[in-house]
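Visitor: I'll drop the sequence and a predicted model, then ask my questions.
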Amino acid sequence: MTLAAARGTSAQQPGFERLPAHVLDVVAPSARVRGVPGAMAVQPRACRTLPTGDTRRRIVDVAVQEWGFFGFRVAAPTDVEETDAPGSGTADADVPSPDGRRGRRSRLPPAEAARVAASIAGYWAITPEGSWIVARQNDRWHGPDGIAARWHAPWSAAFVSWVMCEAGLGATAQFERAIAHHTYIDQAIRARDARAPEAAFVAHDAGETAIAPGDLLCSSRRPAYRTIAERRRQMGVGARSHCDVVVQVDEARERIVAIGGNVRGVVSLKLLPAVREAGRPLRLDTGDGERPVFAHLKLRAAPIDANALGASPTIEASGCVVGSATRASRVAVPFAAAGITAARC
């Protein structure tokens, strides 16, 4: 099955419910807000602070659970965060696709948009600007599109920030939660320059060091950086960027598997092609695209199994029922596309 075919089919998968706390102790993002769309408000709640040794595993497990909640969607490697066309003021304006063509952006069906609304709001809730962003979204939900209105602000950085919050990086000195990726990218660059000793991530150029589950891979479109040195010269300046959470290093298939938020409007998994060079770790095949990965944010924590995705509680719980007549269609296609098998049942 081709990836393109898998994407078309997996887009129809229903969400896989989050695991009970005794299996995976994660507070659902929806618990950080109260009210219904149109009258929703942030409910302040502290982030977790856990030993560094637990962080890498939890980053993967938390991200994978959200991938399941959004229906195990598989996106193309070139798919990036969806945003409104500059100055359009509308949620579904014509915007360029990754291949340069223009078209109407997809939007979630009303029922699905309603199901995930509180979760996306919960991602925002742990950022400093979360309250006013959720308040502004309430106005959109009162507009002509109702619950189907797309989020006014791109939420991929909020998703990553929430993952780190639940993974145990609760202190701002460890991870600076923000509505824009460049904030914590800059923090990782400062860590590389020995100016952020408590930061959990250290910035490297793509291919400079081995990629591991729990790391972050970041690209930028405006400006289009290719090295962290280029970003270092503009630190503190806004940049249209995107980061994904690495959940598997697939040596056999020479690819990196990562999960990101607001990719095709949902939490999606990407299969990123990689290349192998003698005596060097697997590295991303960045090619000559307009938006290559320019920063690898390495987590300061001991490595875990490269197949962290297959060993995650969500994959184990869902993979164990792939053969079930009632639930096989929920996971079989995206799992096949990603080459996923549960570690055990």
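Guide: Nice, I can see it. Quick caveat: nothing in here was measured; it's all calculated off a predicted structure.
Visitor: and the residue nearest the centre of the protein?
Guide: Nearest to the mean C-alpha position of the chain, by Cα atoms, centre = their mean, lies residue 260 at 2.1 Å.
Visitor: okay, and that residue sits in which element?
Guide: Under the criterion DSSP states H and E, the helix or strand holding residue 260 is strand 255-263.
Visitor: residue 301 and residue 53 touch, don't they?
Guide: Yes - using Cβ atoms under 8 Å, residue 301 is in contact with residue 53, at 6.6 Å. To be clear about C-beta, it is placed using only N, CA and C from the backbone, and glycine gets the same treatment.
Visitor: which one of the two is surrounded by more residues?
Guide: Just comparing residue 301 and residue 53: by other Cβ atoms under 10 Å the higher neighbour count belongs to residue 301, 19 against 10.
Visitor: residue ranges with poor pLDDT in the stretch 101-250 of the chain?
Guide: 101-106 (pLDDT under 70).
Visitor: again, 80 this time
Guide: The stretch 101-250 of the chain contains residues with pLDDT under 80 at 101-107.
Visitor: ok, back up a step: helices or strands next to the strand holding residue 260 in the packing?
Guide: Under the contact definition 3 or more Cβ pairs under 8 Å, 6 or more residues apart in numbering; DSSP states H and E, strand 255-263 sits against helix 52-69, strand 73-75, helix 156-167, strand 240-250, strand 266-275.
Visitor: correct me, but residue 61 touches residue 314?
Guide: Yes - taking contacts as Cβ under 8 Å, residue 61 lies within contact range of residue 314: 7.2 Å.
Visitor: got any residues that touch both of these two?
Guide: residue 24 (Cβ atoms under 8 Å, 6 or more residues apart in numbering).
Visitor: residue 277 belongs to a strand, doesn't it?
Guide: No - counting by DSSP: H, G, I helix; E, B strand; the rest coil, residue 277 falls outside a strand, being coil.
Visitor: may I have the phi/psi pair for it?
Guide: Dihedral pair for residue 277: phi -120, psi 150, per degrees, to the nearest 10.
Visitor: who are the contact partners of it?
Guide: Residue 277 neighbours (Cβ under 8 Å, 6+ apart): residue 283.
Visitor: just the pLDDT for it.
Guide: Residue 277 carries a pLDDT value of 80.
Visitor: burial count for residue 275?
Guide: Neighbours of residue 275 (other Cβ under 10 Å): 14.
Visitor: equivalent analysis for the one 3 residues further on, please.
Guide: The number of residues packed near residue 278 is 4, by other Cβ under 10 Å.
Visitor: quick revisit: give the rounded mean pLDDT of the strand holding residue 260.
Guide: The model assigns strand 255-263 a mean pLDDT of 95.
Visitor: now the angle from it to helix 52-69?
Guide: 60 degrees (axes from the mean of the first three to the mean of the last three Cα atoms, to 10 degrees).
Visitor: how far off centre is strand 255-263?
Guide: 6 Å (Cα atoms, centre = their mean, to the nearest Å).
Visitor: now the angle from it to strand 240-250?
Guide: 140 degrees.
Visitor: convert strand 255-263 to PDB, retaining C-alpha atoms only.
Guide: Provided in PDB are the C-alpha atoms of strand 255-263 (Å, rounded to 0.1, in the frame of the first residue of the first chain):
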ATOM      1  CA  ARG A 255      13.400   6.600   8.000                       C
ATOM      2  CA  ILE A 256      12.500   8.700  11.000                       C
ATOM      3  CA  VAL A 257       9.000   8.600  12.400                       C
ATOM      4  CA  ALA A 258       7.600  11.700  14.000                       C
ATOM      5  CA  ILE A 259       4.400  13.200  15.300                       C
ATOM      6  CA  GLY A 260       3.300  16.800  15.000                       C
ATOM      7  CA  GLY A 261       0.200  18.900  15.800                       C
ATOM      8  CA  ASN A 262      -2.000  20.900  13.300                       C
ATOM      9  CA  VAL A 263      -0.600  18.900  10.400                       C
END
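Visitor: report the angle between that strand and helix 156-167.
Guide: Using the same axes, to 10 degrees: strand 255-263 against helix 156-167 is 110 degrees.
Visitor: just the buried residues of the helix or strand hosting residue 231, please?
Guide: Element membership of residue 231, judged by DSSP H and E, is helix 228-232. By neighbour count with 16 or more other Cβ atoms under 10 Å, helix 228-232 contains the buried residues 228, 231.
Visitor: contact partners for residue 200?
Guide: 52, 55, 164, 169, 174-175, 299-301.
Visitor: can you check residue 130 too?
Guide: Residue 130 touches 42, 124, 158, 179, counting by Cβ under 8 Å, 6+ apart.
Visitor: ok, the residue nearest to the third one when sequence neighbours are not counted to residue 219 distance?
Guide: Counting by Cβ to Cβ, 6 or more residues apart in numbering, residue 123 is the residue found nearest to residue 158 once chain neighbours are left out, at 4.1 Å. Applying Cβ to Cβ, to the nearest Å, the value for residue 123 to residue 219 is 20 Å.
Visitor: same question for residue 237.
Guide: Applying Cβ to Cβ to residue 237 and residue 219 gives a distance of 17 Å.
Visitor: out of those two, which sits in the more crowded spot?
Guide: Ranked by neighbour count (other Cβ under 10 Å), residue 237 and residue 219 place residue 219 first, with 25 against 10.
Visitor: sorry, back to before: please flag which of the contacts of residue 130 sit within strands.
Guide: Counted as lying in strands by DSSP state E, out of the contacts of residue 130, are residue 42.
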